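Engineer: Can you look at this prediction? I've put the sequence above it.
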Amino acid sequence: MKRFFFAVMVTLLLAGGYVFATYTPPVRSFHSEKADFRLVTVAAGLHHPWGLAFLPGKNGYLVTERRGKLWHISQDGQDRREIKNAPPVYAEGQGGLLDVLVPPDYTEGGWIYLTYAGPDPKNPDLAGTEAARAQLYLTQDRLAKLEVIFRQVPKIESDHHFGSRIALAPDGTLYITAGERGQMKQAQNPKNHQGTVVRIHTDGRLPDDNPFAHSDAALPEIFSYGHRNPQGLTLNPFTGDIWEIEHGPQGGDEINILKPGANYGWPAVTFGRNYVIGTKISEYTHLDGMEDPIWQWTPSIAPSGMAFYTGDVFPGWKGNLFVGALAFRQLDRMVIKDNKVVDREILIKDFKQRIRDVRNGPDGYLYLLTDEENGELLRLEPL
């Protein structure tokens, strides 16, 4: 695999005594089983970008930065405008402005959706995952009528494990991931939102067919629980199922297919171990009544961002699942058959940048966000 190719082309043209220099940015080329490709920088200079969404037509991209900024980036990456009136966020540790979703039917002034770490207005040391909708006016670079549609309870004093991905299902409902905020045992307590995936209507109303909508056993927004820190969520366009990935501790990162009312086991069931000391968190990697992952990574790759590829630019990848990694700085390609991973290839390894988000673009390309102080929006293109 060829990791990095730096091409600098300097053309010296003598014209009226002036010297002109032309610079070609670094080209990063890779060879894989099904396709040879390069990474093309669409935009750089992003400060810890977290979430990416595509705007319709040739209107470009929305990108969130964890520090609380929302950017509109033009299709060619040359123009960048900050969208005003983003929600206030708790920008500490893993918290901040996180995911963004633009519905496929968006038009000017239509609703978009954001997830973020929301501070407690009475105590700024407390925070929890929230989701909001707002009307986006691209021509004015602003949001209007911001409405909070979900608040994780309780808010606690912790700066990690917010989860915070959002996905739109075929029935028009929203799925939102909420981490257990570092209090692992609370993931088995469905009387709070810690370590859950919730399901709501786009205006925040409760779906009447939620698994706990008519039960006192759990909060009615909860669709599934027993999660640790779910930072990947996507619709499988071939089946209509919602797929989720989550960080394990030291080992035991998981891919799950969400089922209504299901318990995904954390921390009663895990392949992971305690940090530093390496002791077992649980004796069990399976328990009846709890869902097993369809895939687990040990050692951990710290997965964040996932997408099924549906485009025609890379025909050998069609239908494959792509997962980015923070810890190993890699991109995994996974072949899925009958809801099982039957083959896996590491496309990008030791990339030197943390891959935070992976998106299937409407133009047939794959896109990545890198979580760095000088983060990038990248596009995968055939060689």
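Structural biologist: Arrived safely.

Engineer: what residues are up against His247?
Structural biologist: By Cβ atoms under 8 Å, 6 or more residues apart in numbering, His247 lies in contact with 228-231, 253, 300, 302-304. C-beta: built from backbone N, CA, C; applies to glycine.

Engineer: Could you give the bridge partners of it?
Structural biologist: Asn229 (DSSP bridges).

Engineer: Ok, Ala43 next?
Structural biologist: Leu377.

Engineer: Count the residues that sit near it.
Structural biologist: 22 (other Cβ atoms under 10 Å).

Engineer: Which strands or helices does the longest strand anywhere in the chain pack on?
Structural biologist: If you go by DSSP state E, the chain has its longest strand at strand 123-137. Secondary-structure packing of strand 123-137 (3 or more Cβ pairs under 8 Å, 6 or more residues apart in numbering; DSSP states H and E): strand 111-120, strand 142-151, strand 163-168, strand 174-178.

Engineer: Next, format those as CSV and append mean neighbour count, distance to Gln188 and mean pLDDT.
Structural biologist: Listed next are the helices and strands packed on strand 123-137 as CSV, based on neighbours: other Cβ atoms under 10 Å; distance: least, Cβ to Cβ, whole Å; pLDDT from 0 to 100:
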stretch, mean neighbour count, distance to Gln188, mean pLDDT
strand 111-120, 24, 23, 98
strand 142-151, 16, 21, 98
strand 163-168, 25, 16, 98
strand 174-178, 27, 14, 98
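
Engineer: nearest to Phe314, of these?
Structural biologist: Of all the helices and strands packed on strand 123-137, strand 163-168 sits nearest to Phe314, with 22.7 Å by Cβ to Cβ.

Engineer: Paired strands for the closest one, with orientation please.
Structural biologist: Here strand 163-168 is paired, per DSSP bridges, with strand 174-178 (antiparallel).

Engineer: what element comes up after the partner strand heading to the C-terminus?
Structural biologist: Following strand 174-178 in sequence order, the next helix or strand is strand 196-200 (DSSP states H and E).

Engineer: which element is the residue positioned nearest the centre of the chain on?
Structural biologist: By Cα atoms, centre = their mean, the chain has its centre lying nearest to Gly305, at 3.7 Å. Assigned by DSSP H and E, Gly305 belongs to strand 303-308.

Engineer: so after that strand, what's the next helix or strand?
Structural biologist: For strand 303-308, the following helix or strand on the C-terminal side (DSSP H and E) is strand 321-325.

Engineer: Good, we can wrap up now.
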